[in-house]
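Q: Whatever this is, show me its structure:
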Amino acid sequence: MSQDNPDIRNQVSASRGPQKNLELLIPGLSTYRKLDDIRAADDMLRNQVADKLNVAKSNLEGIRKQMSSGGVFTNLTNIGSLIFQLQQIAGEVRHAEQGYSGWVASITIDQNRLNQLYDNDNAFVSSAFALVTATSPPNLVYDPANTASIMAALSRVGSAISDFKQKWSVRMEAVKGVLLKQ
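A: As a prediction, this is how the structure comes out:
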């Protein structure tokens, strides 16, 4: 991660209390502690990304409100569809299954895979920031004098949502271990 995007794993490690530091000294438990810390960092990252998606959704809801208040209903279906997609993907991101090291886990991920996923998350994090940018002024502004002008901006938002979904899908395929390798 960059300087602007600090590595949450370091923050989680730094916030360990005395009990967690003691767990690191016990063989077997230390591996569990390290994996649990990486999972905590992943959970924090996914929640922050879901929050960004909700900001983009709120931006679209604001535009929809402006349009309906102005009596322009022609693009409300398009905006409603985009809002629904953002709401759906934000829920998927926030509540995605995590890797677990337990005996009966549906998805078991070792420390190397967790670290690899976390290191490669920049693509879907950047895509979430791009969505917020695409739905914020000056990129998405409703002009009551030219109601058709919003169509191009809504198209760009739709493309940004598709891009995010694709990046999220690749990440989830990697988590589940079904990503095809060449």
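Q: so who does Asn139 touch?
A: Residues counted as contacts of Asn139 (C-beta atoms under 8 Å, 6 or more residues apart in numbering) are 133, 153, 156. Every C-beta, even on glycine, is put in place using the N, C-alpha and C of the backbone.
Q: ok, now with 10 Å
A: Counting by C-beta atoms under 10 Å, 6 or more residues apart in numbering, Asn139 touches 59, 132-133, 153, 156-157, 160.
Q: gap between Phe129 and Gly71?
A: Using C-beta to C-beta, to the nearest Å, one gets 34 Å for the distance from Phe129 to Gly71.
Q: When those two are compared, which one has more neighbours?
A: Ranked by neighbour count (other C-beta atoms under 10 Å), Phe129 and Gly71 place Phe129 first, with 14 against 8.
Q: Count the neighbours of Asp163 for me.
A: Using other C-beta under 10 Å, Asp163 has 17 neighbouring residues.
Q: For the residue lying closest to it once chain neighbours are set aside, pull up the helix or strand it's in.
A: The spatially closest residue to Asp163, leaving aside those adjacent along the chain, is Ser127, at 5.5 Å (C-beta to C-beta, 6 or more residues apart in numbering). Taking DSSP states H and E as the definition, one finds Ser127 inside helix 122-134.
Q: model confidence over that helix, on average?
A: Average pLDDT, helix 122-134: 91.
Q: pull the CA atoms of that helix into CSV?
A: Taking C-alpha atoms only, helix 122-134 is exported to CSV below (Å, rounded to 0.1, in the frame of the first residue of the first chain):
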residue,chain,number,x,y,z
ASN,A,122,-5.1,-2.1,-4.2
ALA,A,123,-7.0,-2.7,-7.5
PHE,A,124,-10.4,-3.0,-5.8
VAL,A,125,-9.7,-0.3,-3.3
SER,A,126,-8.7,2.1,-6.1
SER,A,127,-11.8,1.2,-8.0
ALA,A,128,-14.0,2.1,-5.0
PHE,A,129,-12.3,5.5,-4.8
ALA,A,130,-12.9,5.9,-8.5
LEU,A,131,-16.6,5.3,-7.9
VAL,A,132,-16.7,8.1,-5.3
THR,A,133,-14.9,10.4,-7.7
ALA,A,134,-17.3,9.5,-10.6
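Q: In terms of secondary structure, what does that helix contact?
A: helix 29-69, helix 76-94, helix 150-176 (3 or more C-beta pairs under 10 Å, 6 or more residues apart in numbering; DSSP states H and E).
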